[in-house]
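Chemist: Sequence and predicted structure below; questions after.
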Amino acid sequence: MAQSEQEILAGLAEIVNEETGLDPETVQSDKAFTDDLDIDSLSMMTIVVNAEEKFGVRIPDDEVKNLRTVGDAVSFIQSNQS
Amino acid sequence: MAGLITPAAGAAHTRISGVGAYRPRRVVPNSEIVDAIDSSDEWIQERSGIKTRYRAEDGESVVEMSEAASRDAIEMAGLQPSDIDAVIVATVTHPYQTPAAAPDLAHRLGLSNPAAFDISAACAGYCHGISLASDMVRGGSARHVLVVGVERLSDFTSPTDRGTAFIFGDGAGAAIVSPSDTPGIGPTVWGSEGDKWDVIAQNDSWVEVRDGDLGWPTIGMQGQSVFRWAVWGMAPVAQKALDAAGITADQLDAFIPHQANVRIIDAMCKQLKMPEHVVVARDIVETANTSAASIPLATERLLREGLVPRGGLALQIGFGAGLVYAAQVVVLP
């Protein structure tokens, strides 16, 4: 069953926190992974793989560059959850 | 009546009887790299763990570096050059389409006309070579095999490519595979994923270079894709190599993955739940990513610095352009 935006955002914040130590509260939809949260490309990949597992979605390598903000990732996950 | 072919008779088991290393004279710190890629020492270390790399100069060709590493390996094995009856050179940077580096190397070492050939398996080349050599000794087609992993990646690295300029280094590592009374080289788990052929690749073919206005070819890499594949794709391969050898991670003395990137090494250890006591090779910090040479260079350092015992168990895994991979458990010489 698809999860709500809020549930996905909270789950994603946990994953980001585990990888980077960032306070989950700072992981908001309008934040850019690179520019605002200072997450580099390799940490981003770790977050992507963990998100795939947590949310049961497949995020292809080519798609990762389109996930500029946390909100982009939440939308992608929500629209691709079965 | 047709004659019966006499089959080759090989050794029951094999082991690595010696290793050797050659690091070029010139050490290049990050400070010499950063201007061309608008970067900083801190940025490079954060993304790769690399502080320095070695860059080959005159007198440090692929074959010359191989010769130095090979002499050390033969000496450590307690052999004479004439004992070596096969030479396998793993490299992707020998600058001749043909002939191979191995026959020239064999001649320079004064070997007695051994079988000598190169293999192209990029950063997995050394582990491929160890597998071939072990099978050759067990199959009876050779008795002592010299396996060399060697690269002069600086010849094929763009100084302005932010994805690779700081990653690659030069060097040579060598090992001797010999008969053994007990198993010293476990089964190899290997394979390829050719659908990812372009993820790490020379950017243009030689023919395109000849016919176009493209300049000298260099090696490019899609870093994020490689990172995902290396960590989440290769940790299970490493586990399979342990399982195939009947060894648990608890029993290892060392984990010697291809020195691709410290972040990959750390993430692999996490995926494999590598026990704290296992020494993890991090030669990359000083030597950077030397492709086929990285595992024997890292092995030589661990032994030289006394960080792992001779006779200890090591899990080694190579993975790289192709994409290809190979892993096996070995007893350290």
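Modeler: The structure has been received and is ready for your questions. Fair warning: this is a prediction, and the values are worked out from it, not measured in the lab.
Chemist: For residue 45, give me its contacts.
Modeler: Looking at chain A here, since you left the chain open. A:64, B:224, B:227-228 (Cβ atoms under 8 Å, 6 or more residues apart in numbering or on different chains). C-betas here are computed from N, CA, C, even on glycine.
Chemist: I was after chain B.
Modeler: B:30, B:51.
Chemist: Following the chain past the helix or strand that contains residue B:176, name the next helix or strand.
Modeler: In this assignment (DSSP states H and E), residue B:176 forms part of strand B:170-180. Counting by DSSP H and E, the next helix or strand C-terminal to strand B:170-180 is strand B:189-192.
Chemist: can the helix or strand where residue A:62 lies be found next to chain B?
Modeler: Per DSSP H and E, residue A:62 falls inside helix A:61-64. Yes - Helix A:61-64 lies within reach of chain B by Cβ under 8 Å from any Cβ of the partner chain, at A:61, A:64.
Chemist: just how off-centre is that helix within its chain?
Modeler: 13 Å (Cα atoms, centre = their mean, to the nearest Å).
Chemist: Over to stretch B:199-219?
Modeler: Distance, centroid of stretch B:199-219 to centroid of chain: 24 Å (Cα atoms, centre = their mean).
Chemist: Do any residues in it lie close to chain A?
Modeler: No - interface with chain A: stretch B:199-219 contributes nothing (Cβ under 8 Å from any Cβ), its closest point being 8.7 Å away.
Chemist: Can you tell me the closest non-neighbouring residue to the residue of chain A found nearest chain B?
Modeler: Residue of chain A nearest chain B, by Cβ to the nearest Cβ: residue A:61 (4.5 Å). What sits nearest to residue A:61 in space, not counting adjacent residues and going by Cβ to Cβ, 6 or more residues apart in numbering or on different chains, is residue B:225, at 4.5 Å.
Chemist: Am I right that the one you found is in contact with residue A:60?
Modeler: No - when contacts are counted by Cβ atoms under 8 Å, residue B:225 is not listed as touching residue A:60 (9.6 Å).
Chemist: what about these two, which has more around it?
Modeler: More crowded of residue B:225 and residue A:60, by other Cβ atoms under 10 Å in any protein chain shown: residue B:225, with 19 against 8.
Chemist: helices or strands next to the host helix or strand of the more buried one in the packing?
Modeler: Following DSSP H and E, one finds residue B:225 within helix B:223-228. Applying 3 or more Cβ pairs under 8 Å, 6 or more residues apart in numbering or on different chains; DSSP states H and E, we find helix B:223-228 packed against helix A:41-55, helix A:61-64, helix B:262-272.
Chemist: re earlier: is the very next helix or strand once past the helix holding residue A:62 anywhere near chain B?
Modeler: Once the chain leaves helix A:61-64, the next helix or strand it forms, by DSSP H and E, is helix A:70-80. No - using Cβ under 8 Å from any Cβ, helix A:70-80 never reaches chain B; the gap is at least 14.7 Å.
Chemist: which helices and strands does helix A:70-80 pack with?
Modeler: Packing partners of helix A:70-80 (3+ Cβ pairs under 8 Å, 6+ apart): helix A:5-20, helix A:41-55.
Chemist: Alpha carbons only: can I get the shortest one in CSV?
Modeler: Included here for helix A:41-55 are C-alpha records, laid out as CSV according to Å, rounded to 0.1, in the frame of the first residue of the first chain:
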residue,chain,number,x,y,z
SER,A,41,27.2,12.1,-4.7
LEU,A,42,28.3,9.0,-2.9
SER,A,43,26.3,9.6,0.2
MET,A,44,23.4,10.3,-2.1
MET,A,45,23.8,6.9,-3.6
THR,A,46,23.8,5.3,-0.1
ILE,A,47,20.6,7.1,0.7
VAL,A,48,19.1,6.0,-2.7
VAL,A,49,19.9,2.3,-2.1
ASN,A,50,18.5,2.5,1.5
ALA,A,51,15.4,4.3,0.3
GLU,A,52,14.8,1.5,-2.4
GLU,A,53,14.9,-1.1,0.4
LYS,A,54,12.8,0.9,2.8
PHE,A,55,10.1,1.9,0.3
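Chemist: Appreciated, that's everything.
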